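>>> Curious how this folds, go ahead:
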Amino acid sequence: MSNETRESSFAVVAGRGVAGAPGARGVVVRDGRIDRLLPDRDADRLDGAIDVGDAWLAPGFVDIHTHGLDGVGPEGLDADGLARLSAAHARHGVTSFVVSTMTAPEASLVATLRVAAAAPPLPGARFVGVHLEGPFLDPASAGAQNPEHCRPADVAECERLLDAGGGCVRMMTLAPEHDADFAVIRRLCAAGVVVALGHSAADASLARAAVDAGARVVTHLYNGMARFHHRDAGLVGLALTDPRVTAELIVDGIHVDATAVSLAIAAKGIRGVALISDSIPAAGMGDGRFTLGDEPVVVDGGVARREGGALAGSTLTLDAAVRRVRIDNGVTIDDAVAMASTVPARTLGLDGGVLTPGAPADLVALDDDGPCATWVDGRRVWRR
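As a prediction, the model looks like this:
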């Protein structure tokens, strides 16, 4: 990895152009922000520009749901682990990421949140906070989560978690049927935390009421919830039809069939779908035996499963997700990048995810082999 000093002003040009900006072939960066886009006619006339060759230039990816990478996860997380995660995400074109926890005892979650709250400057991708996936989940819909640690939503515990996080809790996934009067949803919204619905048996009516109370995301659509039925649309039906909701999608070809991915994109539109990795610490480590939370996991052929056969997160990365949704679903580079950058950044309320004047200079150069360079705030943090 290259951890380079940021220049105050520079330009980057890409042979295939700028994703989402027809007619542009590069950007000018000044003081860590996008100063302007370079039209195709001007790109070849600019002396000293960084030329990334036959590649696309895109806004850096934003992973709002990742449990780890390259052997590092939220359990036992420390400053060194955060630095390793930051560097690993940058290699995959990610410029902003969260740490997603597994459902666990309160003491374990508090420990992770305290490390996150004291996070030092990092060498690669920007750490933007914690996504608490649980602990207020439906044990019968736990999926890869340990049902023994799933518990009803409790405002007092919620307050303790928020306090431990010191403002770093960015999102929480919960099951609305276990949140009496939506008290925790309302408390989280008041604290500026994005509320996601998931690992839930809620029907569409209850889910809609939770959205009315402030929930705005459905966690890994189709997974951890009842199957769609034409007489009982459930959380899936709510996610596909409510424009207030952003639907997360894992497009690894395992969690969701390609036809169901296309259905979600057709129903929601590009602006309603956020690609996620849902990666676990085993991602990037090859096949073998690992742990996720406090449970053993076997990765075989890149597929992670509990010993009983249930899927246990993924080994996907967001650059692979962008490539896969283009191949499997015929999505354009502009739309694939939007679902991996613009939509997740907007979902978390981040200043970025787009390449427009004034936006952070969070960039990724993509060629046929994947990312070839990544910049965060105008600082090149990785190059192939």
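
>>> wait, what's in contact with Arg244?
Counting by C-beta atoms under 8 Å, 6 or more residues apart in numbering, Arg244 makes contact with 211, 216. No exception for glycine: its C-beta is placed from N, CA and C like everyone else's.

>>> Pull up the gap between it and Gly272, please.
With the distance defined as C-beta to C-beta, to the nearest Å, Arg244 ends up 9 Å from Gly272.

>>> show me where the stretch 251-384 of the chain has helices.
Across the stretch 251-384 of the chain, reading from the start of the chain, the helices by DSSP state H, counting those that start in this stretch fall at 258-268, 318-329, 333-337, 343-348.

>>> Throw the ones you listed into a markdown table and include mean pLDDT and distance to Leu188, thanks.
Compiled in a markdown table, these are given as follows (pLDDT from 0 to 100; distance: least, C-beta to C-beta, whole Å):
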| stretch | mean pLDDT | distance to Leu188 |
| --- | --- | --- |
| helix 258-268 | 98 | 23 |
| helix 318-329 | 98 | 25 |
| helix 333-337 | 98 | 29 |
| helix 343-348 | 98 | 13 |
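
>>> Could you point out which of the ones you listed sits nearest His131?
Taking C-beta to C-beta as the criterion, helix 343-348 is the member of the helices of the stretch 251-384 of the chain that comes nearest to His131, at 9.0 Å.

>>> Which secondary structure elements does the closest one sit against?
Packed against helix 343-348 by the contact rule (3 or more C-beta pairs under 8 Å, 6 or more residues apart in numbering; DSSP states H and E) you find strand 61-63, strand 273-275.

>>> Need the winner for burial among those.
Neighbour counts (mean count of other C-beta atoms under 10 Å) averaged over each of those peak at strand 61-63, with a mean of 30.

>>> how about the helices of the stretch 251-384 of the chain, which one is nearest Val99?
Proximity of the helices of the stretch 251-384 of the chain to Val99 was assessed by C-beta to C-beta; the nearest stretch is helix 343-348, lying at 13.0 Å.

>>> Show residues contacting that closest one.
By C-beta under 8 Å, 6+ apart, the surrounding residues in contact with helix 343-348 are 59, 61-64, 96, 98, 128-129, 170-171, 194, 216-217, 246, 270-276, 351-354.

>>> Let's have the helices and strands packed on helix 343-348 in a markdown table, adding distance to Ser108.
What follows is those, written out as a markdown table (distance: least, C-beta to C-beta, whole Å):
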| stretch | distance to Ser108 |
| --- | --- |
| strand 61-63 | 22 |
| strand 273-275 | 27 |
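
>>> Kindly reformat those as JSON lines containing distance to Arg384 and mean pLDDT.
Output for these, formatted as JSON lines (distance: least, C-beta to C-beta, whole Å; pLDDT from 0 to 100):
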{"stretch": "strand 61-63", "distance to Arg384": "16", "mean pLDDT": "98"}
{"stretch": "strand 273-275", "distance to Arg384": "22", "mean pLDDT": "98"}
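
>>> The closest residue to Val13 other than its chain neighbours and Ala336: what is the separation?
What sits nearest to Val13 in space, not counting adjacent residues and going by C-beta to C-beta, 6 or more residues apart in numbering, is Gly26, at 3.5 Å. Taking C-beta to C-beta as the criterion, Gly26 is separated from Ala336 by 20 Å.

>>> neighbour-wise, which of these two wins?
It is Gly26, of Gly26 and Ala336, that has more neighbours when counted by other C-beta atoms under 10 Å, with 28 against 24.

>>> For that one, name its beta-bridge partners.
Here Gly26 sits in beta bridges with Val13, Leu38, going by DSSP bridges.

>>> Surely it touches Leu37?
Yes - using C-beta atoms under 8 Å, Gly26 is in contact with Leu37, at 7.4 Å.

>>> Count the residues that sit near the closest residue to Ile333 other than its chain neighbours.
Nearest in space to Ile333, with sequence neighbours left out and distances taken as C-beta to C-beta, 6+ apart, is Ala19 at 5.2 Å. Using other C-beta under 10 Å, Ala19 is surrounded by 25 other residues.

>>> quick one, what contacts the spatially closest residue to Thr219 that is not a sequence neighbour?
For Thr219, ignoring the flanking residues on the chain, the nearest one in space by C-beta to C-beta, 6+ apart is Gly198 at 2.8 Å. Residues in contact with Gly198, defined by C-beta under 8 Å, 6+ apart, are 133, 137, 173-175, 218-220, 224-225, 235.

>>> what about burial for the contacts of helix 343-348, which qualify?
Neighbour-count burial (16 or more other C-beta atoms under 10 Å) applied to the contacts of helix 343-348 gives 59, 61-64, 96, 98, 128-129, 170-171, 194, 216-217, 246, 270, 272-276, 352-354.

>>> correct me, but Ala144 touches Ala310?
Yes - counting by C-beta under 8 Å, Ala310 is a contact partner of Ala144 at 6.2 Å.

>>> Looking at these two, which has the bigger crowd around it?
With other C-beta under 10 Å as the criterion, Ala144 and Ala310 differ in neighbour count, and Ala144 comes out ahead with 25 against 14.

>>> Adding distance to Pro123, write the helices of the stretch 251-384 of the chain out as CSV.
As requested, these are arranged in CSV below (distance: least, C-beta to C-beta, whole Å):
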stretch, distance to Pro123
helix 258-268, 34
helix 318-329, 19
helix 333-337, 24
helix 343-348, 21
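
>>> Tell me which of the ones you listed lies nearest to Asp47.
Shortest separation from Asp47 across the helices of the stretch 251-384 of the chain is recorded for helix 333-337, at 28.1 Å, computed as C-beta to C-beta.

>>> Could you tell me which residues touch both of Gly26 and Leu37?
Contacts common to Gly26 and Leu37, judged by C-beta under 8 Å, 6+ apart, are Val18.
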